[in-house]
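Chemist: quick one, what's the 3D model for this:
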Amino acid sequence: MGDTAGLDRPRGLAARAGGWSARHRWTAVGGWLLLVVLALAVGSMTGRVDSTDSEELPGESGRVVKILDDAGIVEPAGETVLIQAKDDGVTADDPAFRSAVDGVLAAVRGTGEATAVKSPYGTKAISADRRSALVRFDLRGDAESAPDRIQPVLDAVEKARQGHQALRIEEFGDASGDKAFNDAFGSDFAQAEYSAVPVALGILLIAFGALVAALLPVALAMTAFLATTGLVAVVSHWMPMNDTANSVMLLVGLAVGVDYCLFYLRREREERAAGRDADTALRIAAATSGRAILVSGVTVIVAMSGMLFTGLTEFQAMGLATLMVVAVAMVGSVTVLPALLSLLGERVEKGRVPFVSRAKRKGNGESRVWRAVLGRVLRRPKLSLALAGGALIAIAAPAVSMNTANLTLDQEFSDSMPIVQAYEHMDQAFPGGPDPAQVVVKAKDIDAAPVRDAIARFRTEAVAKGASTGPVTVAFHEKQNLAIVSVPLTGGSDEDKAEKSLNILRDEVRPATLGTVDGVDAPIGGSVAANKDFNDKLGSAIAPVFAFVVVFAFLLMLMSFRSLTVAVTSIALNLLSVGAAYGILTAVFQHGWGAGLVGAEGVGAIVSWLPLFLFVILFGLSMDYHVFVVSRIREARLAGRTTQDAVVHGVVTTAGVVTSAAVIMVAVFGIFGTLSMQSMKQMGVGLAAAVLIDATVIRGVLLPAVMSLLGERNWYLPTWLRWLPDLTHDETAPTPPPVPAGTLPAPGLDAPDLDDPDLDDRPRHARV
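Modeler: Alright, predicted model coming up:
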C-alpha cells in the first residue's frame, strides 16, 4: 500500500479518467471505436460542405463572385493561345503569321470542345509591336471539370505549333493551368501526406524498440483524425471546410496524437522500470503525463482558435478543424490509452526490434547525452543563456526585413514549366492580359443610357489614367442587368505595379465614371484584387490574433503551474522559437542564403499567409513540449529535490520523449519541404526548423539555464494573483519506488522540509 499512497483517490480529471479507463478497459476501448465509427458514419451521411469562392474571398473580390453566383452567371473556363514571332522580321500582317492564326482557329474549333472562338484580327488582340496575337475561346461545359477535358485542345494546339515552327505558339488558361499544376504537383502533395504515417512509424520503432509500442501512437493519432473527419463534415454545415483544412488537420492530428501517446506511454514504462507494479505505474502516468496532456491540449486548442478571429474563411476552417482534432486526440489520450495499456500489460513490448530493443532495455529512462549537455549548461548558466539566446536572436534578425507577398507563377513553380513560360510570354506582350481585373457592373437597368455611358467612360478612363494598356472589353447580360468589364492591369505579373493599377481603378476611375450613376454597384475583382483584399484582411487580423493567443496561453500557464515566472518564461521562449523560424524563412527564401541546401531558391518574398499560420501552429506545438518538460520539473521539485536537481531530472527524463516527438515532426514537415511549390517548401522548412530549434536549443539549453538562474523564483506567484483558479490539482508527487533492503534512497527524493521558507510560494496543497 505504501507504493500507492496518495494515488488511491485520484484528485484530478486526467487521473480520474485514467483510473476509470483502467477499471473499465473494454468499455473504454469499445466506446472509442464506437465514437470513431459513428463519427465517420454520420459524417458520410451528412457530407462535407466546402466553402465557395464568394465565401473564401474577402472584400470586393468576394462581392464580385457573390453577385455572379446570385445572378446564375457561370463563367466558362477561358483559354488563350499566343501566336508570337520569334524574331523582329515577322509581324501579324505577314501571310505566315495569318496562316498560323488560321491554323490555330481551325484546330481549336475542330476539337468540338471550344466555343466562342475569337480571332485576334476581330478582337484587335494584337500587341503594339504587332509581333504577338491572342486567340481566345471558352471550353464547353462545367468549368470545374474543364481540366479533365482540355487535353484534346492542347493536342490540337500542339499540332498547329508543329506546322508553324517559325512562330511561338503556346496555350494558357483556366483549364490548361489547372491541369498542368495538378499533373505536376497534385500527386506530389498527396504522396507527401501518405508518407507522413510510415515515417512516423519508422521513427517510433527506433524510439521504443518494439512494434506494438510504436503502433499505439500512430493508431491513436489516425483514429483521432478519422473521428474528427466525420465530426468536421457535420460541423461544415455551419462552418464550410476545404481541402487545405483537411491537410492541416492531418498534420496537426498526427503531431499531437503521437506526442500525447508518447508522453503517456514513456511515463508508464518508466514507472514500471523503476519497480512499481502495473496498476500503480498506470495511475502515476495518468496523474502526471495525463495532466500534462490536458494542459498542453487546452493550450494548443486556444492557439488554434486564434485563427477563428481572422475573418478569413480558409483560416477559420483550418482553425476549427485543427482544434477539433486536438480535442479528440486529447480525449483519446486520457481515456482509451490507459485502457489499452492496462489490457496489453507486458505485451506492449511485443515485436521487439533486434539491437534497438536491447539498447532500450539497458537504459534507465534518462538521456546520457542530455545529461552531459545539462552538466555544461548548469555549470555556466549565464554563459549558456548568453550564447544560446544570442544565437537565436541572430538567427531571428533577418525577420525584421521580412517581405510578404503572393508569389507569382514563376516564383511559385519556377519558369521551367511550359505553362509558366506561356504565361510570362503573354504577360510580356500583353501586360495583365492573362489575368485581368474583373469589374461587375450591377444596375436596375443595364441598358439605361446613363449606365451605358458610364461604362464607356470607365473603359476610356482606365486606359487614359494608366491603369490599363487595353484592350478593355465588356460583356453585357441584359437579362440579369449586369455587365462584366475585363481590364488588363498595367504591371501584369509585377504585383506592386498591378496593385497600383488596381488602386487607380478603384479610387480614381470608378468614382469618376460608374460612381456618378445612382443605383450602380461596381465591385472590382480578379486575382490581383483577390490577393490585395486577402492581404488587407489578413494584415488587420495579425495583431488581434497574436494578442489573443499570447494572452490566453499566458493565463493558462499561470493557472496550470501557479507561477508568474513560469508563465512569463514560457511565452518568452516560445516567441523566441517562432522568431528564429521567421528568421530562417527570411534568410533562405527571401535572401537565398543556403537555399540550395533545401532544394529551394531565393524568391524575394515569403508567401503572405505563412507568418500567421506558422505562429499559430508553432505556438501550439511548442507548448506541447514546454508543458511536458516543466510539469516534470515541477513534479520533481514538489517531491523534494532542489530546483537545479529538479531541472536536471525533468529535462533528462523527458529528453527521450521530446527528442522522439521532435524527430517525427521534423521528418514529417521536412517531407513538405521537398515539394516543388515554393509555398509548400516554405511551410515545411519553417515548421521543421522551428520544431528542431524548440526541442534542442530552447528545451535543452535556454530553459534549464533560465530556470537554474531563477532558482526558487521559478515558483513565484504574487499574493494578488492567488485568487486565480488552481489547475495544479491534477499533479501528484508520487512516493519513491520500492527500495531494496540495505540500500539508500535515491538522492533528492527525501521528503521536503515543509518549514523551508524557500518553499513558501509552492501551491497550498504541496505544503499540506
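Chemist: CA only for contacts and neighbour counts going forward, please
Modeler: OK.
Chemist: grab the longest helix from the chain for me.
Modeler: If you go by DSSP state H, the chain has its longest helix at helix 527-561.
Chemist: other SSEs contacting that helix?
Modeler: Judged by 3 or more Cα pairs under 8 Å, 6 or more residues apart in numbering; DSSP states H and E, the packing partners of helix 527-561 are helix 59-71, helix 278-305, strand 437-442, helix 495-504, helix 564-585, helix 610-638.
Chemist: which other residues reach the third one?
Modeler: This points to strand 437-442. For strand 437-442, the surrounding residues in contact (Cα atoms under 8 Å, 6 or more residues apart in numbering) are 64, 67, 481-489, 502, 520-529.
Chemist: need the buried ones from these selected in PyMOL.
Modeler: To isolate the buried members of these in PyMOL, using 16 or more other Cα atoms under 10 Å:
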select buried, resi 64+67+481+482+483+484+485+486+487+488+489+502+520+521+522+523+524+525+526+528+529
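Chemist: residues touching Thr229, list them.
Modeler: Going by Cα under 8 Å, 6+ apart, the list of residues near Thr229 reads Ala39, Leu40, Gly43, Asn246.
Chemist: from the residues you listed, which is closest to Leu717?
Modeler: Asn246 (41.2 Å; Cα to Cα).
Chemist: checking the closest one next. Helix, strand or coil?
Modeler: Three-state assignment for Asn246 (DSSP: H, G, I helix; E, B strand; the rest coil): helix.
Chemist: tell me, how many residues neighbour it?
Modeler: Neighbourhood size, Asn246 [other Cα atoms under 10 Å]: 18.
Chemist: if I look at it, how far off is Ala321?
Modeler: From Asn246 across to Ala321, the span is 7 Å (Cα to Cα, to the nearest Å).
Chemist: and for Thr643?
Modeler: Thr643 sits 40 Å away from Ala321, taking Cα to Cα as the criterion.
Chemist: who has more neighbours out of the two?
Modeler: Neighbour count, other Cα under 10 Å: between Thr643 and Ala321, Ala321 has more, with 32 against 23.
Chemist: my guess is the more buried one contacts Thr244. True?
Modeler: No: Ala321 is beyond contact range of Thr244, at 10.1 Å (criterion: Cα atoms under 8 Å).
Chemist: Lys479 should be in a strand, yeah?
Modeler: No: counting by three-state DSSP, Lys479 is not part of a strand but helix.
Chemist: coming back round to it: can you tell me which of the helices and strands packed on helix 527-561 is most buried?
Modeler: Comparing the helices and strands packed on helix 527-561 by mean neighbour count (mean count of other Cα atoms under 10 Å), helix 278-305 comes out on top with a mean of 26.
Chemist: any idea of the mean pLDDT for the following helix or strand past that helix?
Modeler: Counting by DSSP states H and E, the next helix or strand C-terminal to helix 278-305 is helix 313-344. In this model, helix 313-344 has a mean pLDDT of 90.
Chemist: helix or strand with the lowest mean pLDDT in this protein?
Modeler: None of the helices or strands of the chain scores lower by mean pLDDT, DSSP states H and E than helix 764-767, at a mean of 37.
Chemist: what about the strands in the stretch 151-300 of the chain?
Modeler: Assigned by DSSP state E, counting those that start in this stretch, the stretch 151-300 of the chain shows strands spanning 167-173.
Chemist: any regions of it where pLDDT drops low?
Modeler: Counting by pLDDT under 70, the stretch 151-300 of the chain has low-confidence residues at 184-191, 193.
Chemist: torsion angles phi and psi at the closest residue to Ser560 other than its chain neighbours?
Modeler: Nearest non-adjacent residue to Ser560, counting by Cα to Cα, 6 or more residues apart in numbering: Leu727, 4.7 Å away. Main-chain torsions, Leu727, degrees, to the nearest 10: phi -100, psi 20.
Chemist: Ala661 and Val509, how far apart?
Modeler: For Ala661, the distance to Val509 - Cα to Cα - is 56 Å.
Chemist: looking at these two, which one has more neighbours?
Modeler: Each of Ala661 and Val509 has its neighbours counted (other Cα under 10 Å); Ala661 has more, 26 against 23.
Chemist: tell me the pLDDT at that one?
Modeler: pLDDT, read off for Ala661, is 82.
Chemist: the one 3 residues further on too?
Modeler: For Ile664, the pLDDT comes out at 84.
Chemist: packing partners of the helix or strand harbouring it?
Modeler: Here Ile664 sits within helix 643-672, counting by DSSP H and E. Packing partners of helix 643-672 (3+ Cα pairs under 8 Å, 6+ apart): helix 187-208, helix 243-273, helix 368-379, helix 610-638, helix 678-693, helix 703-710.
Chemist: what about Arg713, which SS state?
Modeler: helix.
Chemist: cool, Leu717 as well?
Modeler: coil.
Chemist: so what's it up against?
Modeler: By Cα under 8 Å, 6+ apart, the neighbours of Leu717 are Arg562, Ser563, Leu564, Thr565, Asp761.
Chemist: list just the nearest of those to Trp32.
Modeler: Nearest to Trp32 among the contacts of Leu717, with distances taken as Cα to Cα, is Arg562, at 33.2 Å.
Chemist: from Thr299, how far off is the residue nearest to that closest one when sequence neighbours are not counted?
Modeler: Take Arg562 and drop its neighbours on the chain: the residue closest to it by Cα to Cα, 6+ apart is Leu717, 6.3 Å away. In this view, Leu717 and Thr299 are 20 Å apart by Cα to Cα.
Chemist: low pLDDT regions in the stretch 1-150 of the chain?
Modeler: Looking along the stretch 1-150 of the chain with the criterion set at pLDDT under 70, you get 1-11.
Chemist: quick one: the strands in it?
Modeler: 78-85, 114-118, 132-139.
Chemist: now for the ones you listed, which one comes closest to Arg272?
Modeler: Nearest to Arg272, of those and by Cα to Cα, is strand 78-85 at 66.7 Å.
Chemist: that older thread, can you give me the neighbour number for the residue nearest to Ser560?
Modeler: Leu727: 17 surrounding residues under other Cα under 10 Å.
Chemist: how much space between it and Ala14?
Modeler: Per Cα to Cα, Leu727 is found 12 Å from Ala14.
Chemist: does the residue nearest to Ser560 touch Met559 like I think?
Modeler: Yes: applying Cα under 8 Å, one finds Leu727 in contact with Met559, separated by 5.5 Å.
Chemist: tell me the contacts of the closest residue to Leu378 other than its chain neighbours?
Modeler: Nearest residue to Leu378, sequence neighbours excluded (Cα to Cα, 6+ apart): Ala705, at 6.2 Å. Applying Cα under 8 Å, 6+ apart to Ala705 gives the contacts Val377, Leu378, Pro381, Lys382, Ser384, Leu385.
Chemist: hmm, back to that, in CSV, list the contacts of Leu717 along with pLDDT and distance to Gly89.
Modeler: Output for the contacts of Leu717, formatted as CSV (pLDDT from 0 to 100; distance: Cα to Cα, whole Å):
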residue, pLDDT, distance to Gly89
Arg562, 87, 80
Ser563, 90, 79
Leu564, 92, 77
Thr565, 92, 76
Asp761, 41, 87
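Chemist: rewinding a little: looking at the helices and strands packed on helix 527-561, which is nearest to Asp259?
Modeler: Proximity to Asp259 (Cα to Cα) singles out helix 610-638 among the helices and strands packed on helix 527-561, at 7.7 Å.
Chemist: now for the closest one, which elements pack on it?
Modeler: By 3+ Cα pairs under 8 Å, 6+ apart, helix 610-638 packs against helix 243-273, helix 278-305, helix 527-561, helix 564-585, helix 643-672, helix 678-693.
Chemist: can you redo those as a markdown table with distance to Ser195?
Modeler: As requested, the helices and strands packed on helix 610-638 are exported to a markdown table (distance: least, Cα to Cα, whole Å):
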| stretch | distance to Ser195 |
| --- | --- |
| helix 243-273 | 11 |
| helix 278-305 | 25 |
| helix 527-561 | 31 |
| helix 564-585 | 24 |
| helix 643-672 | 8 |
| helix 678-693 | 14 |
